[in-house]
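1. fold the following and give me the result.
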Amino acid sequence: TLLRTVDTCYNGAAPPCTGTSISLPITKRNVYTELPVGSSTIESEKLFDFNGQSGALTEEDDYGFGSGAVGPLSRKTLISYASLGNNITTMPSSVTVENGSGTTVAKTNYSYDQTAVASTSGTPQHVAISGSRGNVTTLSTLVSGSTYLTKTFTYFDTGNVDVATDVNGAQASYTYG
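-> Residues are numbered from 1 along each chain as shown. Down below sits the predicted model:
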């Protein structure tokens, strides 16, 4: 007995996609799932949008199961990316999750390189860099309405965490052997 059918289509091609050629860059991927239920089928879809230059995921739409057709939108995830330079192209600046009605149910904001790094000495083959390092220095998570809980981090010049400050202000300092 067939348990499920999965069809994956790229760049807006419609199912069935078994004979459709794929062209680069891949900017969309749709994954369709069909499940047999008695004498009929139920179908769902996951839609992925990608940045055509970096290939990074920018949106994921999850559709529920529907009888004979894809069901309604159940969740949408939107990802924005920070402009950090130095060929750092896929570090998120925010990740937002919405329910099927478009209401935000989760959100996390990321900020990078807001503080100077602590110097280390004696690190072999260690040279100074200029520009962004891509270190998350502030991480803010939405908890209710417009209220966020925020964690902060400072780093050594090697990229290791120096001090992590949690949402209650408690700090953890790190040392490395």
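2. tell me where this structure is predicted with low confidence.
-> Applying pLDDT under 70 to the chain picks out residues 1-2, 125.
3. nearest spatial neighbour of Arg54, chain-adjacent residues omitted?
-> Arg isn't right for residue 54; it's Ser. Thr89 (4.3 Å; CB to CB, 6 or more residues apart in numbering). (C-beta placed from N, C-alpha, C; glycine too.)
4. repeat for Arg4
-> Nearest one to Arg4, counting by CB to CB, 6+ apart, is Leu35 at 5.2 Å.
5. any idea how far Val6 is from that neighbour?
-> 10 Å (CB to CB, to the nearest Å).
6. more neighbours: which of these two?
-> Using other CB atoms under 10 Å as the criterion, Leu35 and Val6 rank with Leu35 on top: 14 against 8.
7. mind listing the strands whichever strand or helix holds that one pairs with, and their directions?
-> Assigned by DSSP states H and E, Leu35 falls within strand 28-37. Next to strand 28-37 in the sheet, as set by DSSP bridges, lie strand 5-10 (antiparallel), strand 40-50 (antiparallel).
8. centre-most residue in this protein?
-> Ile79 (5.6 Å; CA atoms, centre = their mean).
9. all helices of this protein, in order?
-> Assigned by DSSP state H, the helices in the chain number zero.
10. quick one on the thing from earlier: mind listing what's buried along the strand holding Leu35?
-> 29-30, 32-34 (16 or more other CB atoms under 10 Å).
11. find the nearest non-adjacent residue to Cys17, please.
-> Cys9 (3.8 Å).
12. just grab the bridge partners of the one you found for me.
-> Asn30.
13. pretty sure it contacts Asn30?
-> Yes: between Cys9 and Asn30 there is a contact under CB atoms under 8 Å: 4.6 Å.
14. shared neighbours, the two?
-> Overlap of the contact sets of Cys9 and Asn30 (by CB atoms under 8 Å, 6 or more residues apart in numbering) consists of Pro15.
15. still on that earlier bit, can you say which of the strands paired with strand 28-37 is packed in most?
-> strand 40-50 (a mean of 17; mean count of other CB atoms under 10 Å).
16. okay, the residue nearest to Cys17 and Glu98: tell me how far apart.
-> 24 Å.
17. same check, this time on Gly169
-> 31 Å.
18. between the two, who's got more neighbours?
-> Glu98 (17 against 7).
19. isn't that one up against Ser74?
-> No: counting by CB under 8 Å, Glu98 does not reach Ser74; the two are 10.1 Å apart.
20. please save the CA atoms from stretch 57-65 in CSV.
-> Taking only C-alpha atoms (Å, rounded to 0.1, in the frame of the first residue of the first chain), the coordinates of stretch 57-65 have been written out as CSV:
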residue,chain,number,x,y,z
LEU,A,57,16.3,30.8,2.7
THR,A,58,14.1,34.0,2.9
GLU,A,59,10.6,32.5,3.4
GLU,A,60,9.0,29.2,4.2
ASP,A,61,5.2,28.8,3.8
ASP,A,62,3.6,25.6,5.3
TYR,A,63,0.2,24.6,4.1
GLY,A,64,-1.9,22.1,5.9
PHE,A,65,-3.6,19.0,4.5
